[in-house]
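Chemist: Predicted model and sequence follow; I will ask about them next.
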Amino acid sequence: MNIADIRTDYLLKTFDEKDLNQNAFVQFEIWFDEAIKAEILEPNAMTLSSIGSNGYPAARIVLLKGIQANGLEFFTNYESNKGQELLENNKVSLVFFWPELQRQVRIVGNAFKIAEDRSDNYFNSRPIGSKIGAHASPQSKVIANRAFLEESFKKMEALFEEEPLLRPIHWGGFIVEPISFEFWQGRSSRLHDRFLYQLQANNSWKIERLAP
């Protein structure tokens with residue numbers, strides 16, 4: 001098949017002014033709940049884009065792990081490439097794509113480390129293998145082979161049979177505090193519905209319809 005011939009006409013839903021909640025976070029939670037109910041595979045998967053020290057954007061998929069009144073939370077190794085990028089330049093963007101609902105949400109905001117007790121609480125809720133992996137893997141560093149990882153895991157596994165398994169200090173959460181949300185609903189003939197929410201000085205949201 002010719003790549004240029006791959007296309008879908010979006011017919012599932014509409015998204016009009018009458019459907020908008022005036023609070024961007026509430027609107028996001030409405031759509032997120034609908035994605036969960038639609039049994040989408042990993043509805044909390046989101047593309048996180050940061051800016052590298054070389055000036056180029058870097059994007060990867062991470063998992064949303066919390067929705068707070070002021071932002072969206074995820075967790076990572078602070079010494080990884082993305083962790084270092086966020087600590088050096090906290091301007092980020094997020095993208096959620098739910099093809100089963102023909103929807104996309106784009107978010108622009110600023111990332112901040114969360115409180116250590118919040119990181120502790122989430123770390124303690126993780127499966128044991130994930131906890132050990134956080135200690136065993138020097139995320140984003142060059143390693144010789146797979147055997148290095150497996151041996152490192154075994155060493156940590158043995159260590160934590162004797163000592164408490166605590167959160168490593170180089171691992172924890174970030175919260176992205178949005179300054180804008182864009183909600184995109186696919187429509188027929190590429191006449192998509194797009195609404196941009198922009199945060200105002202009084203913490204209200206300015207809402208505008210964008211041409212597709």
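Modeler: The structure has been received and is ready for your questions.

Chemist: The closest residue to Val105 other than its chain neighbours: which element?
Modeler: Nearest residue to Val105 in three dimensions, chain neighbours excluded: Phe96, at 4.4 Å (Cβ to Cβ, 6 or more residues apart in numbering). Yep, even glycine has a C-beta here, placed from its N, CA and C like the rest. Assessed by DSSP states H and E, Phe96 sits inside strand 91-98.

Chemist: residue contacts, the residue nearest the centre of the chain?
Modeler: The residue lying closest to the centre of the chain (Cα atoms, centre = their mean) is Met46, at 3.9 Å. Counting by Cβ atoms under 8 Å, 6 or more residues apart in numbering, Met46 touches 61-64, 72, 74, 94-96.

Chemist: Closest one of those residues to Leu87?
Modeler: Taking Cβ to Cβ as the measure, Leu87 lies nearest Phe74 of the contacts of Met46, at 14.4 Å.

Chemist: which parts of stretch 33-44 are buried?
Modeler: Buried residues in stretch 33-44, defined by neighbour count with 16 or more other Cβ atoms under 10 Å: 35, 40, 43-44.

Chemist: what comes into contact with it?
Modeler: Applying Cβ under 8 Å, 6+ apart, the external contacts of stretch 33-44 come out as 32, 63-65, 96, 98, 100-101, 103.

Chemist: what helices or strands is the top strand by length along the chain leaning on?
Modeler: Scanning the chain for the strand with the most residues, using DSSP state E, yields strand 171-185. Other helices and strands packing on strand 171-185, by 3 or more Cβ pairs under 8 Å, 6 or more residues apart in numbering; DSSP states H and E, are helix 24-37, strand 72-77, strand 103-113, helix 116-125, strand 193-199.

Chemist: Can you tell me the SS state at Leu87?
Modeler: helix (DSSP: H, G, I helix; E, B strand; the rest coil).

Chemist: Contacts only, for it.
Modeler: By Cβ under 8 Å, 6+ apart, the contact list for Leu87 reads 78, 113.

Chemist: Please determine how far it is located from Phe123.
Modeler: Counting by Cβ to Cβ, to the nearest Å, the gap from Leu87 to Phe123 is 19 Å.

Chemist: and the longest strand of the chain, which strands flank it?
Modeler: strand 72-77 (antiparallel), strand 103-113 (antiparallel), strand 193-199 (antiparallel) (DSSP bridges).

Chemist: Now the second one: buried residues?
Modeler: It refers to strand 103-113. 103-109, 111, 113.

Chemist: ok, back up a step: so what's the residue nearest to the centre of the chain bridging to?
Modeler: Beta bridges link Met46 to Val62 when assigned by DSSP bridges.

Chemist: same check, this time on Arg106
Modeler: Beta-bridge partners, per DSSP bridges, of Arg106: Val95, Glu182.

Chemist: so it makes contact with Pro178?
Modeler: No: Arg106 is beyond contact range of Pro178, at 10.0 Å (criterion: Cβ atoms under 8 Å).
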